[in-house]
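K.L.:
Starting from these lines, generate the structure:
(chains A and B)
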Amino acid sequence: MLSAASIPVLSAPLPDSIPATSVAKPPPPPPSTNLSLLHLCTHLQEATQVHALMVKTSQTADPYSAGRLAEFYALSDGGSLEHAEKILDSFPHHPPTFVCNTLMRAYSERRNPFLSINLYRQMLVDAVEADRFTFTFTLKACTQLRALAIGMQIHAQVVKHAWESNAHIRNKLIHLYAVSGRIRDARKVFDGSTEPDVVAWNSMLQGYADMDDGENLHNLFDSMPARDVVSWNTMIAYYTEAGKFEEAILMFRLMQESSECGLNRVTLISVLSAVTQLGALGQGQWVHAYIKRHGIELDENLSSALINMYSKCGCIEGAIYTFETTHRRSVDTWNAMIGCFTANGCSLRAIDLFSKMEASLLMPNKITFTCVLNACSHGGLVDRGIRYFEKMSSVYGIEPDVGHYGCMVDLFSRAGLFEKAEEIIQQMPIEPDKVMWKAVVGACRVNKNYELGEKAGLKLIEIAPDDNAGYVLLSNIYAMSNNWNGVYRVRKLMHDRGIKKVPGCSSIELDGLVHEFIAGDAAHARKKEIYEMLDEMAQQLGRAGYEPDTTQVLLDIEEEDVKESSLALHSEKLAVAYGLISTSPGAIIRVVKNLRICGDCHSALKLLSQIYDRNIIVRDANRFHHFNRGSCSCMDYW
DNA sequence: TTAGGGTTAG
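P.N.:
All right, here's what the predicted structure looks like:
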């Protein structure tokens, strides 16, 4: 991605070099058999044959014909940007505006807006007349690059040419200002139009959404004379982005009730994102059923969103079904499915699917390898992990990023090969990040390597002093090694620096409603029954020989406040108790927790899955735990 | 002969 610093400044002569706007219209295009042939071209080779004919008859010197040719090369599927650029170069002194516009369009479409701006600059140098299309394309490029300063220069040109009343240009200006954080300037342009159309309204909405200005966003949305699918999508995406997932889903329902407009793929992807983060499988399944009922084809994006939803709700079967019924699979679709197996503790299936992907000759990308290496690390597959890590660059030419090195550190640390892990950290060409240090401390905790754990924990709070996780992990290491002085020091440091723990919260979705619990929660309407169930659970656990892991109370500052809670009232246990009294025997209980599950709850849920013969699936901040018949899919690593 | 706004993924 280009940095703002690398964007060229428009140093070419500005206003006076542009001819007046009231130029006579170009003459009608000459009839041409060659141009009709161009319409029939679907491949580059055919187009170059037509091109050759046109060169032979000197037709390429005609601006109209050159424009059509450039348009084919630059914008059609079988085209070639290089060929289009050659057309432009064939007019070294004064290229036709249409050819320039077409190339600017193509650059923006191919995510190279920098070249659009450069070309505009060249137009100024060559004194090529800019028309209203030139301005829309240039402004689009400025918006893509967030190049506000250049955009403002273009705005001056727009005013000079008296094109501010053109709806397309005006909306581009609103959009540019809105997404660049200049909401007041956007509003000025917006208010300057007598009758802003729905695109102008939507651009303003986007601006308020980007600025996280919920109040103005709502006011504007409510005062819109008409809303379309983009307006609603913007609102749904705003709530999802703001972490207000239930509001996002509510907005989706209101959209359907309003029957103002239909929904589209973007709506579904946005609402799926909210559902996914909420872990609300029932609502996700409703969206999937909607897609099927309305015969909406699963393209690679929608299918990735669905697979991800099933994955994050711990429903592997749903993800597999979606993957298998998707015919247009992209690398993202495969990544979503491999990632689903990885996150849900099916390491061998993740690797097996990766082999199938390789066999399909689709090129894996960085994310594919993150998923595969994670699978190796979670599954303890050290040798395979090393092989894939090597293969990544040697076969696929993908240079490992900090995340991949992190996977390797995790792989070695989990396997207790701490020397190897340290070797990676020392030799990697990138600075280790906090994710990596977290992995090391976590592994040290499991493998009781307190010395390295302390070192990594100290490093973690050094590079991420505002992240509470570092303090919590370091404190855990100290507590496990009975270093209570260390625990005290870390807590004091947290207090002095004003670092707050995030309170633990677990949720469970039943009949389309998400019920949230915090530790010792007494707010639920069925609290009496829930607490009776908790008592029964404790008795059953006692009979099964379970003893609460009291060391966890001391380790527990990540979870809930020690003073306010006891192990038996942890949020995940409350959610499971509610699940047990609210669902029929044998039904799967799915819980989503915002933090990592605590060690005591982990042991208790393993036994509870056996006692009540229930499959209990907990999604915590790190991964999934599928509790079944007394054991957990994470193999006690998390 | 050309144009506008919205989404997801480790």
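
K.L.:
Just the pLDDT for the residue lying closest to A:T48 once chain neighbours are set aside.
P.N.:
Among residues not flanking A:T48 along the chain, A:H83 sits closest, at 7.3 Å (C-beta to C-beta, 6 or more residues apart in numbering). Glycine gets a C-beta too; all of them are placed from N, C-alpha and C. A:H83 carries a pLDDT score of 93 in this model.

K.L.:
go on, A:K563?
P.N.:
Note for A:K563: predicted pLDDT of 36.

K.L.:
pLDDT weak spots in chain A?
P.N.:
A:1-31, A:549-566, A:638 (pLDDT under 70).

K.L.:
where exactly do the strands run in it?
P.N.:
A:505-510, A:513-518, A:589-593, A:616-619, A:624-628, A:631-632 (DSSP state E).

K.L.:
which one of the ones you listed lies closest to A:D222?
P.N.:
strand A:513-518 (26.2 Å; C-beta to C-beta).

K.L.:
If we go by neighbour counts, what in that closest one is buried?
P.N.:
Applying a neighbour-count criterion of 16 or more other C-beta atoms under 10 Å, one finds A:V514, A:H515, A:E516, A:F517, A:I518 buried in strand A:513-518.

K.L.:
Buried residues in stretch A:485-493, which are they?
P.N.:
A:G486, A:V487, A:V490, A:R491.

K.L.:
And stretch A:39-50, by the same measure?
P.N.:
Buried residues in stretch A:39-50, counted by 16+ other C-beta under 10 Å: A:C41, A:L44, A:A47, A:V50.

K.L.:
so what's the third one up against?
P.N.:
Right, A:A47. Applying C-beta atoms under 8 Å, 6 or more residues apart in numbering, we find A:A47 in contact with A:L38, A:C41, A:L69, A:F72, A:Y73, A:G78, A:G79, A:H83.

K.L.:
just the buried members of these?
P.N.:
A:L38, A:C41, A:L69, A:F72, A:Y73, A:G79, A:H83.

K.L.:
how about the residues of the stretch 151-300 of chain A near DNA strand B?
P.N.:
A:166-169, A:171-172, A:175, A:179, A:197-200, A:202-203, A:206, A:228-231, A:233-234, A:237, A:240-241, A:264-267, A:269-270, A:273 (C-beta under 7 Å from any atom of the strand).

K.L.:
can we see that at 6 Å?
P.N.:
Within the stretch 151-300 of chain A, the positions near DNA strand B by C-beta under 6 Å from any atom of the strand are A:166-169, A:171, A:175, A:197-200, A:202-203, A:206, A:228-231, A:233-234, A:237, A:241, A:264-267, A:269-270, A:273.

K.L.:
Any chance of a ChimeraX selection covering the buried ones in the residues you listed?
P.N.:
Buried residues among these (16+ other C-beta under 10 Å), as a ChimeraX selection:
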select /A:166,168,169,171,175,199,200,202,203,206,229,230,231,233,234,237,265,266,267,269,270,273
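
K.L.:
I would like the residues contacting stretch A:98-113, please.
P.N.:
So stretch A:98-113 is in contact with A:63-64, A:66-67, A:70-71, A:74-75, A:81, A:84-85, A:87-88, A:91, A:114-116, A:119-120, A:123, A:128, A:131, A:133-134, A:137-138, A:140-142, A:144-145, going by C-beta under 8 Å, 6+ apart.

K.L.:
just to revisit the earlier point, between all of the buried residues of stretch A:39-50, which two are separated the most?
P.N.:
Once C-beta to C-beta is applied, the buried residues of stretch A:39-50 give A:L44 and A:V50 as the farthest pair, at 10.8 Å.

K.L.:
ok, back up a step: which one of the buried ones among the contacts of A:A47 sits closest to A:R253?
P.N.:
Closest to A:R253, out of all of these and judged by C-beta to C-beta, is A:G79, at 43.2 Å.

K.L.:
How about the contacts made by A:F627?
P.N.:
By C-beta under 8 Å, 6+ apart, the contact list for A:F627 reads A:L605, A:K606, A:L608, A:S609, A:N615, A:I616, A:I617, A:V618, A:S633.

K.L.:
Apply 10 Å and report the result again.
P.N.:
Going by C-beta atoms under 10 Å, 6 or more residues apart in numbering, A:F627 touches A:576, A:589, A:591, A:602, A:604-610, A:614-618, A:633-634.

K.L.:
beta partners for it?
P.N.:
A:F627 has these beta-bridge partners by DSSP bridges: A:I616, A:C632.

K.L.:
ok so, going back, quick one: the buried residues of stretch A:39-50 as a markdown table, columns for distance to DNA strand B too.
P.N.:
Shown next, in a markdown table, are these (distance: C-beta to the nearest atom of the strand, whole Å):
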| residue | distance to DNA strand B |
| --- | --- |
| A:C41 | 15 |
| A:L44 | 19 |
| A:A47 | 15 |
| A:V50 | 15 |
